[in-house]
Structures are given as structure tokens and as C-alpha cells.
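Novice: next come a sequence and a model predicted from it.
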Amino acid sequence: MTTATTLGAEQRRLREAAGWRRWGPYVSDRQWGTVREDYSADGEAWSYLSHDQARSRAYRWGEDGIAGFSDDEQRMCLAVALWNGRDPILKERFFGLTNAEGNHGEDVKEYYFHLDATPTHSYQRMLYKYPQAAFPYADLAATNRSRGRNEFEYELLDTGIFAGSRYFDVVVEYAKAGPEDILLRITADNRGPEPADLRLLPTLWFRNTWSWGSNGARPVLREVPGVPGAAVVAATHHRLGDRWLLCAGSHPLLFTDNDTNTERLFGTPNSSPYVKDGINRFVVDGDATAVNPEGAGTKVAVDVALTVPPGGSATVRVRLTDEPVVPGGPDNRIEADVFDAVVAQRRAEADEFYRDLISPQLADAEQQVVRQALAGMLWSKQYFGYDVEQWLAEHGLDPLEAGEIRNGDWFHVLSHDVISMPDTWEYPWFAAWDLAFHAVTLGMVDLAFAKGQLDLLLSRRYLHPNGQIPAYEWNFSDVNPPVHAWATYLLYEFEKFRTGRGDRAWLENAFHKLAKNFTWWVNRKDVDGRNVFQGGFLGLDNIGVFDRSAPLPTGGHLDQADGTAWMALYCQNMLQIAMELAEEDPVYLEQAQTFFEHFAWIAVAVAHTSGKAETMWDEEDGFFYDLLRLPDGSATRLRVRSMVGLLPLAAATVIPPHVTTRYPQLLEGARDFVARHPSVTSVLSEGRLKGERGHHLLALFDEPRLRRILTRLLDEEEFLSPYGIRSLSRHHAAHPYDLDLDGQRFRVAYQPAESDTGMFGGNSNWRGPIWFPMNILIVRALLNLYVCYGDDFTVECPAGSGTRMTLFEVAREISGRLTRIFLPDADGRRPCYGGQRIFAEDEHWRDLLLFSEYFHGDNGAGLGASHQTGWTGLAAVLPQLFAGLTREDLLDHGLIGVGPARSGRDAR
């Protein structure tokens, strides 16, 4: 462990007070079309506030922009706007299709890439590719609308707008000279063969908090004349204080107000001629009356007009600072040499940070994957504001009588936080299980922030009084898999290994709230009280025969193999936490015993072999399936080979050997419990559970069943893709699963890319593709199983190949296949880009990475949300995990202490 004196600059900033995190990329890529902004009578959020309206309508709860930066309450925002002289509107936000417009659901239709970021946002860099021809808004919408589910999406590259390289590479960099002193450098490279005009408009504005009857003080932006060679704005906010914006060069300042243009949208007169879209009207329409000649407002843009030569570039430098500007003389803070020196220093410190963080054993291409995945994670933080009680009141509803309106029974939720988002365009709202996976990745670079993210959804402002964790903005009452306990224990152990001490107070606080959520699961999602769980769709969308969150067409209910496996894993994680807390407080041994017994009864239910009733385990197929329980008491096994049946494999956890000596009473209690219950004895005998070094394995299967599951998992004609584990077996391509019930036919067939069913909306795509979170849980389970079974346990991998591997080697093989998605092959082609040749052949595209929502089950092409550096950010974890990892590492430290900790740096 290193001392503070040897830490790099970014590491030292992480150790300082939270001031360095106050400003960051907290502006969403999309605020329009969200639930928060929906005040419609029918709940159609996408149409209530559309992309067309967004430029003219002041938002209620947040802001969006291109490469936006703001304070952590999003009171003041800084972003980039552009105009190429041909577009019908000013490019102030990224364009994309709504759920109904896209043939595969909502989708951003732009190309932008998160290239670099540090956890304190002392340095950030991203790239936007802005076409020089008129942006094809209508073509993108019309062509996608005309395509069916079995056709590809129509993307921006498909329109031909980048032909001849007629576009600008717009690189946006932020660098902090201090916690409140922010430098913005925008560099536009003309990739085309001819000179091209470009208007770059760095834009500063206040979020509108004055139009809603609360916190009504109106802030102000004013021009500061008299600074030679600079455009200067003074900003005054009653809570944020005073700031100054400086832009190098004598450029015009365009002032308006961040107020709705009611005349354009609703046909009613504006209270002022200066409204949100005033700058758009001035630049694009040439309307000189649209901006305030008095040089004041709540929104301002610096109007920088450029003509960039072919192959040339132009740079704009902007500084937002709390240090006053004194008129009358030049301000050297925006001189190129002074300004660029700060940017260069912060970029060098970012290089130092990642050089210390990323294992040197990784190849350059693998290091690029890790760094850009982490950059995407850090760029995808967003301020999320949502006071549900106030939102309901603004709908004219009494929160206690909200009825069936969306989130009506969640009126206690009060969010005003910076949260890691799955994708700040397509999913600019938190999702409970996504956030747990995000925290695991973010723990690599910023443990304090990662722990805080897990705290949020367990806090009184989010967690329902009944113990339920809110699922996601569109329906807080839906159910996401319970992975919070897994992520909590993992981060605790990670910090303990890296620093020599665990944050026991944090762990204990989380434990009590997790216990409340666990109780909600037991009381609400075990219909028959048989330790077999339901839960609904559990994030898996179209993977099943029915919509598992809706009443079944047959009546009755489903016994879910995945819901039950999630609860088994939950028990295991809570047992681990309780044993850790018991080191200082023996009272937690009782809790540990309780969670062991919960797990034991679940294991009994899953392993049930009496033959008197249908069970989830199918002995003929050697696989777990959901059970459809009908109202007449009969049951039908739904023989769909999917991730649902693989998740019982993920509920495999190792209890270290020291438990038997440190907690003899726990061991004796477990032995007594098992001995007193013959049904438990048959599945949890001590001999079956004990590994070669005294480790104890908690799992839902014995060795014969494990081997049968692995045979399917590692069969390339079933689950094992060249790029990871598929969510649905390829077996169903030739053998779809058909179910006939009461004259209705239900079918599940393998689809490696986009699903052809809209069961959960257009973007519901679990029938075949590869998803990183499921894969990492399988990798985790395989490593745990290896700790217990050791080198003598081998399997064919791939099945039928004749090559035998230990479970450690299998885990590494799956990890390597996942990472291969992003690595260039001998021809420079990265599987994640499918057939898009430009990403392999063009020097200005080939080193850029997108971390998509999911990946084609056969060729690895990225699908779904383009910037899903939420759980796909786990792509940064896997190469680190196996960089130099040995069997001894695993046996000595379990799954903790690998990855970034191996660099020897403390990244708290």
C-alpha cells in the first residue's frame, strides 16, 4: 500500500473534500420525453414533450445539452451548440427517435464518443462527429418508421451524410484549474476536402427554477464590457453565487431567457420576446429581434463564426470561474499558452491516473477498452431531479389519493442527486439493478462515489416504507433483480483489501436497509410460501413465453427459476455481510444463521426430488425451467433454455475456511439445523459443501447437475458464443419452443440480435443477445466453484471439442470472448461494429469505441442503446480481473483483491 506522498495528482484530489466533484458532466443528453417532464393526461411521455418542442420549452426537472457540464444541483449549465449553415435548427441537443418511431424502439441517431475522464472530472474529453450537410432529421424518422422489426435500423451512417468525409470532428475538453475554475476547449477539425463554415456557440444558462412557484428568485447573466480580446459574462445566482464566463476573442454575445416560447407551442403570447429558442431563431432564421440587445438574460451563447480549411482545425477557449473579472485590461487566463498549459497538465495527470490503475500486463488494445469504458461511465453521471409528491400535485392530484397514475404510490421519493445513468440519451434515469453493476465498475476508480450510489436507493428518499427498491422511472413499482447486496459486499471487501480496512459503518447501515428489502421480497414475491419466488419480468423482458409482469393468459402464476436464484444469491450475500459484521458484534451471528436457513429452504425447493410434483429442474434436459402453475393446481414446465435457467448457476458463493474456527457457534447451528431437517440434509450435507482447502460452497446444485448445466453452457450450438454467453440457447433457432394453451399459441425462438416481439416495447431484446451483467455473474460463479472443486474438476470447453479446462480456465475463456467484442482483429475490424467498414478502415474512426447495451449473439455486433456504458462498463472490469490472476490469488483472496488493486494504488 502506498502512502499519500506517493499518490498522483488525481488520487490526491479524490482524497480531498468533495469540492472537486461539485462540477461535472451532469447535464443529460436528453431531458425531453422523460417521465419527469410528462404532464399529459394519457402518460405518453415521448409525445408530450418532443424533440421538436425541446428547443422552445423550458424543462421542469433537469436540462440537456451536448457535452454539458454543470454544478451538482444543475443550477448553472455549460454546453456546446453548433450550426453548419445548412441545418434547419441549431444543434443544441442530440437527435434520436422515440419508441414509436424506431423499428426497434428509441435510439439516438448521432455519433459521439467518450474518450477520457477522471473521477473528479478534473479532465474530460469527448468527440462529436457533426456533418457539414443538412442533418437528415426527416429521412431518419421516415425510413425507420417504414421498416419492420425484422429489418436493420436505419442509422446516420446509412444516410450517406459522411460521404467524402464532409464532417467536423468536434473535440470537447474540460479541465479544472481548481474546484470552481473550469476550462472548456473546443477544437473543430474539418475532415472534408473543402473549406467549411461552422458556428460554434458555447452556451451558458440557468435551469429554470423560477417559473414553478417555488424557489422563485430569478438569476441573471449580464455582459461585462471592457475586456480587450474577450467576450465576458457575469452570472449571479442566489444560491450558487457569482461566476464569470470568459471566451477568448471578440465575439458577439447572444442573450435570451430560458423560458418557454408559448407563442410557438401553444399560440398564446409570450410574456417577453426573449425565450428559450431565441438563439436558434437569431442564428438559423436571422431574426435579430430574438435576442436581447440589452445584454442580459438567463441564457447566453458566445457566437463564434469560423471557416475551417480542409484538413485544418479551429479552437475556441472558454473559462467559467469564480474569480472576478476586472474590466479595463486583458485577462491572461484565456490566453492560449496559459489556458493550454492547464489542459495539458490535467491530461497528463489523467494519463498518470490510468497508468497506475490499469494493469501493465494488458495489451495496448485491451488497455484502450478499459480506459474508454471507464470514460463512458464517468461521462454518464447525471443530475436527476424528481420530487414525486410535487410532481403529483402539479398533476392536480392529492399524493395520498393518486390512484393509478404512474408512480402514484411513490410520493415519498425526493431525488436531487448526481446518479450514474445507464445511458444519458436513451435511459436518462436510474434503474435499480443497473446501478448496482455500475457501482462495481465505478469502484475501480472512485470507491467513495460508488458506495454513495448504492446508498442512494437504500436511503429514506428512495426506499419505499414497505422495503421495495424503486425499479426505474417509468414504473418504480416494477421489480428489478435484487443485486444490491452483492454489489455492497463486493465493494466492502474491495476497499478492505485495497486499504487494509473496511468501512464497517457503511456496511452495517446498508445491511439493515437490505434486510428490510429482503423481507419485502419474502412477503411479496413468494406466492405460496414455498421458498419459490416470482418477481415478474425481473429485467429480462422478452426472454420468456409471457409478459411475466402481467396477469398470465392462463391465470395462475409462474414459479421463476431466475427469481428463486436471485433470492438464493441474496441470502448468500446477506450471510456474508452478517458474518463480517459479527467480527465486532456477535449479535449478527443470529442474522447470519437466519440467512443460512433462508438459503437452505430455497435450495431444498429448487432441488426437490420427491417425484410428487413438477419442479424447476428437468432431469431429462439437465436444466432449470420456469413452472407455469395453473388455477386447477396442475403445473407445466416451460422448456425454454434461457438465461432464466442459467441463473441458478450464478447463485454459487464460497464461505472461507476461517469461518469454522472464528464462528464455531454458527457452524454448530448450521449443522444442527441441517440434521433436524431431513429434506435439508439431502441437499446441504457438509461433505458436499466442503472444498479442498476447507472452503464451504453454497449452491443450488450438486456436482452431477453442475456438469449437466455446464454441458449446455459451454456448447457453441447452445449458449457459448464466440463473444460470451447468449441469453437464449441457439438450440431454439431450429427448435422454437411452442406452447398451446386454450387455443392460443405462444412461441419463443432464438434471435441473436433484435427481438421481433414488442412485448415490452420496441427496445425489448433479450431473445439471444449477449448481456454483460449476466456474463459477469456467471464468471463470478465459475471462479467460486473453482475454489471449491479445484484442478481435478475439468470440463470440455467448448463442449465436444476434446479440450478440457478447469473452471478457472473456463471463466477466463468466457472473459476473453467478451473482451474480444471490442478488440480489432487482423483486419482491424472490431466485432462491436458489425459490418460498418468505416470503423476499421478510416483513421478518424478506428480507435473509437461504443459500449452498447447488448451484443449480437453470433457476431458480437453492438445493439440497443449506443452509449450503454452502464452495466456494459463491466467491460473495464474483466480484463483487469484476469490480468495476472493466478490460482493462488483466487484461493488466498477469493474474488477480491484482483483488478485495479493489483497496481498498488489506493483509488479511494
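Specialist: Sure thing, it's come through.
Novice: next, the buried residues of stretch 743-750.
Specialist: V748, A749, Y750 (16 or more other CB atoms under 10 Å). The way it works is simple: take the backbone N, C-alpha and C, and place the C-beta from them, glycine included.
Novice: and if you look at stretch 352-370?
Specialist: By neighbour count on 16+ other CB under 10 Å, the buried set for stretch 352-370 is F353, Y354, D356, L357, I358, S359, L362, E366, Q367, Q368, V369, V370.
Novice: residues contacting the first one?
Specialist: Going by CB atoms under 8 Å, 6 or more residues apart in numbering, F353 touches G8, A9, E10, Q11, T118.
Novice: and what about it, helix, strand or coil?
Specialist: Under DSSP: H, G, I helix; E, B strand; the rest coil, F353 falls in the helix class.
Novice: helix or strand: which one has the nearest residue to it once chain neighbours are set aside?
Specialist: Leaving aside its sequence neighbours, F353 sits nearest to E10 (CB to CB, 6 or more residues apart in numbering; 4.1 Å). Under the criterion of DSSP states H and E, E10 resides in helix 9-15.
Novice: let me see the mean pLDDT of that helix.
Specialist: Taken as a whole, helix 9-15 has an average pLDDT of 95.
Novice: got the residue ranges for the strands in the stretch 501-650 of the chain?
Specialist: According to DSSP state E, counting those that start in this stretch, the stretch 501-650 of the chain carries its strands in the segments 557-559, 617-618, 623-624, 626-629, 635-638.
Novice: any idea which of those is most buried?
Specialist: Highest mean neighbour count among those (mean count of other CB atoms under 10 Å): strand 623-624, with a mean of 28.
Novice: using JSON lines, lay out the strands of the stretch 501-650 of the chain together with mean pLDDT and distance to L306.
Specialist: What follows is the strands of the stretch 501-650 of the chain, written out as JSON lines (pLDDT from 0 to 100; distance: least, CB to CB, whole Å):
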{"stretch": "strand 557-559", "mean pLDDT": "89", "distance to L306": "60"}
{"stretch": "strand 617-618", "mean pLDDT": "94", "distance to L306": "66"}
{"stretch": "strand 623-624", "mean pLDDT": "96", "distance to L306": "61"}
{"stretch": "strand 626-629", "mean pLDDT": "92", "distance to L306": "60"}
{"stretch": "strand 635-638", "mean pLDDT": "91", "distance to L306": "61"}
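Novice: circling back: my guess is the residue nearest to F353 meets R347, correct?
Specialist: No - look at E10 against R347 with CB atoms under 8 Å: they stay out of range, at 11.2 Å.
Novice: between these two, point out the one with more neighbours.
Specialist: With neighbours defined as other CB atoms under 10 Å, E10 and R347 compare such that E10 has more, 25 against 17.
Novice: give the contact list for the more buried one.
Specialist: Shown in contact with E10 (CB under 8 Å, 6+ apart): T118, P119, T120, S122, E349, A350, E352, F353.
Novice: give the contact list for the closest residue to S685 other than its chain neighbours.
Specialist: The shortest distance from S685 to any non-neighbouring residue, by CB to CB, 6+ apart, is to V674 (7.2 Å). The neighbours of V674, taking CB under 8 Å, 6+ apart as the test, are A600, V680, T681, L684, S685, E686.
Novice: could you redo the last one with a cut-off of 7 Å?
Specialist: The neighbourhood of V674, defined by CB atoms under 7 Å, 6 or more residues apart in numbering, consists of V680, T681, L684.
Novice: in the stretch 201-350 of the chain, where is pLDDT below threshold?
Specialist: By pLDDT under 70, the weakly predicted segments of the stretch 201-350 of the chain are 214-215.
Novice: what are the ranges of the helices in it?
Specialist: Secondary structure of the stretch 201-350 of the chain by DSSP state H, counting those that start in this stretch: the helices cover 262-266, 278-285, 336-357.
Novice: so, low pLDDT: which residues of the stretch 1-150 of the chain?
Specialist: For the stretch 1-150 of the chain, residues meeting the criterion pLDDT under 70 lie at 1-5.
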